[in-house]
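Participant: no sequence for this one, just the structure:
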């Protein structure tokens, strides 16, 4: 019997206009129900100054797949910055 597959989890930041980020999150969620909000990221706390226009997500998909899902939405998709990694270690 083979051991269960371990899925790689990627963290990406969606950034842009509030409405576009919200639409992007919903669009990705429909195609990837396992995608979720990164609960370790300070950016996702309501008191963070960028929480209105950005959200950090976790998914097992690659960055190019996420960008392709969003098509022409005005939302950038970036890999986590050092700030995100530092927040996760706290």
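Facilitator: It's in. What you see is a predicted model, and the numbers here were worked out from it, not measured in a lab.
Participant: next one: phi and psi at the most centrally placed residue in the chain?
Facilitator: The geometric centre of the chain, computed from its C-alpha atoms, lies nearest to residue 57 (CA atoms, centre = their mean), at 2.3 Å. The phi and psi values for residue 57, taken as degrees, to the nearest 10, are phi -120, psi 160.
Participant: Bridged to it, which residues?
Facilitator: Listed by DSSP bridges, the beta-bridge partners for residue 57 are residue 12, residue 37.
Participant: tell me the contacts of it?
Facilitator: Residues in contact with residue 57 (CB atoms under 8 Å, 6 or more residues apart in numbering) are 11-14, 25, 28, 35-38. (Glycine included, C-beta is placed from N, CA and C.)
Participant: Excluding chain neighbours, what is closest to residue 52?
Facilitator: In space, and not counting its chain neighbours, residue 52 is closest to residue 18: 5.5 Å by CB to CB, 6 or more residues apart in numbering.
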